[in-house]
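# 3D, please:
(3 chains)
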Amino acid sequence: MPALPLDEAGKYVAAAYVVFVVLLVVYIGIMAAKLSRISREIEEIAELAEQRRAEEQEPEPEEVRS
Amino acid sequence: MRRAVAALIRKDLRLELRTRESVPAMVLFSLSTFVLFHFALDEAEVEGSLAAGILWVTLLFAAVLGINRLFVSEREEGGFDGFLLAPVDRTALFVAKATVLFGFLAAVEVFVVAAFAILLLGPSPWPGLPSLVLVLLLADAGLAVIGTLVAALAVQTRARDLLVPLLALPLSVPLVIAGARACEPLLAAGGAGALEARWLGVLGLYDLVFGLLAYAIFDFLLEE
Amino acid sequence: MFGRGLKTLSLLTVVLIVGAFALVFFYAPNDADQGFIQKIFYLHVPLAIVALGGFVLGGIHAIRHLRSGDPVHDARSYVSIHASVIFGVAVLVTGAIWAKGSWGKWWVWDEPTLVSFLIVFLLYCTYYPLRYAIEDRDRQARYASVFAITAGAFVPLNFMAVRAAESLVHPRTFGTVEGGMPGDMWLTFLVCFAGIALLWVTLVSFELTAKRTSGQLSRLRRALDDGGHGGGPGVARRIAPSGAGSR
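Model (predicted):
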């Protein structure tokens, strides 16, 4: 098998390593999206929890008044 | 357990004899496939590696048809529940179904090999026939094991008809490799060559490994 | 490995991979036969070995899942297979690029390792439709484990069968690399292998952490919803008698 001239072979080698890096970056991107979804859900749940706490303290004065 | 296995096999054989669903369909499918191959390849006669390839691919696709139907009666008539209630080792179902599938494949091959010899095969199949039968039987055992496993996996899912070929085809590749390569010299033009023991070894190993594996894990497919 | 362990793991992975690539391009000598294009092997072969190892590991986790019924093992099995499938894509693409550069064609059937890898990859791609076709969570996990074990046993068998099919006719083109590799090539290869293996472990850990967190979030959300509804009437029941009493 003849050895390809450096500039030609270099393109293929570079392509292979670039594909690897691209896949890695895509994976990181997907992970980042998952992370942002999780942090959004945590925010919602934190709001929900605070709402619950407010509801538990609120109804007492209302019930007594009516 | 042997009695349970025997009873299950008898049930399935009686069902097949009465309805004549699977085996005739598999044979018919194979014959149509041979006609297609004739036109697709534009060949009147094939021999050697081409013949082996056509035969094995056709048999594999016919097997997929049989695998699709294997557990359908259990699924639709509540046979699974009935079986689970019986005080029987659950692996009996696996042994019975695999044996039935093996029987179907062997029966189909009797007709299909004969048809192949008439329709497409150039050289005479008689000299290589004993070796051919051996290779077919060994491969049928592997197909029966893997087919029963895949059928059980797929029958309780939504996309049953899609999953069976998707799962069964890659798993059958070693069988087709060994089967086709083994049959190549048997169907050769200049008179049947020798059967290579190497391929029998591959087939035997495949049968052994997957037979034991399926025997061990089949139970888990039946739990409710 | 969660929390602080994850950070150390990621750092170590980055260091190893950067070091490995540096070795590949600045330290390892050019292959006498194949020239510069041989450098792809330092990426392609470790990816393949790690992916195959990952598949087998997925099968081992599946065995533990079937024996214990603990869904943790099913999660590990799924993530192992998932990561290996992604690595598998990289294997096939880098393999095709290498083939195009060496032989001028995008795919060759000569190389049994690559061919057997394609078959294994096709098989594991069916893992996803199998899982998505089963709705019941327990059954899905159980059936997936059965598949993972079967496929894991299939990997070595398939490799042997493909190898037996090709070996007589074609010379193994990887022979020049694996056969007489000089010391500095071996070192580069080992470092690359370590880096890729660690990368696999890191990605699996990230994926498992994300899964666990999502699961815990669902639990939290469910608990809050139930607690809200249970607390509502409960609070009202507590309030009403005292309210009535105070009237």
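# three-state assignment of C:Lys105?
Each residue gets one of three states, and C:Lys105 gets coil by DSSP: H, G, I helix; E, B strand; the rest coil.
# show me the contacts for the closest residue to C:Gly88 other than its chain neighbours.
Nearest-residue entry for C:Gly88: C:Phe121, 4.4 Å, with adjacent residues in sequence omitted and distances by Cβ to Cβ, 6 or more residues apart in numbering or on different chains. Backbone N, C-alpha and C define where each C-beta goes, glycine included. By Cβ atoms under 8 Å, 6 or more residues apart in numbering or on different chains, the contact list for C:Phe121 reads C:Val85, C:Gly88, C:Val89, C:Val91, C:Leu92.
# ok, so of those, who is nearest C:Pro29?
Distance to C:Pro29 across the contacts of C:Phe121 (Cβ to Cβ) is lowest for C:Val91, with 24.5 Å.
# buried residues in the helix or strand hosting that closest one?
Per DSSP states H and E, C:Val91 falls inside helix C:71-103. Residues C:73-88, C:90-102 are the ones in helix C:71-103 that count as buried (16 or more other Cβ atoms under 10 Å in any protein chain shown).
# C:Ile134 and C:Arg142 touch, don't they?
No - assessed by Cβ atoms under 8 Å, C:Ile134 is found out of contact with C:Arg142, at 9.0 Å.
# and the gap between A:Met31 and chain B?
Distance, A:Met31 to chain B, by Cβ to the nearest Cβ, to the nearest Å: 29 Å.
# just the helices in chain B please.
All helices of chain B, identified by DSSP state H, fall at B:2-19, B:22-41, B:48-69, B:72-77, B:79-85, B:91-119, B:129-155, B:160-186, B:197-217, B:219-222.
# for chain A, find the nearest of the ones you listed.
helix B:160-186 (23.1 Å; Cβ to the nearest Cβ).
# what distance do you get for B:Phe34 to C:Leu224?
Note on B:Phe34: its distance to C:Leu224, by Cβ to Cβ, to the nearest Å, is 65 Å.
# next one: B:Ser124
In terms of Cβ to Cβ, B:Ser124 sits 78 Å off from C:Leu224.
# what's the closest residue to chain A within chain C sitting at in phi/psi?
Of all residues in chain C, C:Gly35 sits closest to chain A, at 2.9 Å by Cβ to the nearest Cβ. Main-chain dihedrals, C:Gly35, degrees, to the nearest 10: phi 80, psi -150.
# does any part of stretch C:210-220 sit near chain A?
Yes - Stretch C:210-220 is in contact with chain A by Cβ under 8 Å from any Cβ of the partner chain, via C:Ala210, C:Thr213, C:Ser214, C:Leu217, C:Leu220.
# residues touching A:Val13, list them.
By Cβ under 8 Å, 6+ apart, the contact list for A:Val13 reads C:Phe36, C:Ile37, C:Lys39, C:Ile40, C:Gly101.
# hmm, try it at 10 Å
By Cβ atoms under 10 Å, 6 or more residues apart in numbering or on different chains, the contact set of A:Val13 is A:4, A:6, C:24-25, C:36-40, C:42-43, C:94, C:97-98, C:101.
# ok, the residues you listed vs A:Val26, which is closest?
Taking Cβ to Cβ as the measure, A:Val26 sits nearest to C:Thr94 out of these, at 15.3 Å.
# do you know how far the closest one is from chain B?
According to Cβ to the nearest Cβ, C:Thr94 and chain B sit 21 Å apart.
# for chain C, which spans come out with low pLDDT?
When residues are selected by pLDDT under 70, those of chain C lie in C:1-4, C:167-181, C:227-247.
# show me where it has strands.
Remark: no strands are assigned in chain C by DSSP state E.
# tell me how many other residues crowd C:Gly215.
A total of 12 residues lie near C:Gly215 under the criterion other Cβ atoms under 10 Å in any protein chain shown.
# quick revisit: what's the helix holding C:Val91 packed up against?
Here helix C:71-103 touches helix A:6-57, helix C:41-68, helix C:112-125, helix C:127-132, helix C:137-166, helix C:183-246, going by 3 or more Cβ pairs under 10 Å, 6 or more residues apart in numbering or on different chains; DSSP states H and E.
# want to throw the helices of chain B into a markdown table with mean pLDDT, mean neighbour count and distance to chain A?
Output for the helices of chain B, formatted as a markdown table (pLDDT from 0 to 100; neighbours: other Cβ atoms under 10 Å in any protein chain shown; distance: least, Cβ to the nearest Cβ, whole Å):
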| stretch | mean pLDDT | mean neighbour count | distance to chain A |
| --- | --- | --- | --- |
| helix B:2-19 | 86 | 14 | 47 |
| helix B:22-41 | 92 | 16 | 34 |
| helix B:48-69 | 93 | 22 | 27 |
| helix B:72-77 | 78 | 14 | 37 |
| helix B:79-85 | 77 | 13 | 38 |
| helix B:91-119 | 92 | 20 | 40 |
| helix B:129-155 | 93 | 23 | 29 |
| helix B:160-186 | 91 | 22 | 23 |
| helix B:197-217 | 92 | 18 | 29 |
| helix B:219-222 | 86 | 18 | 31 |
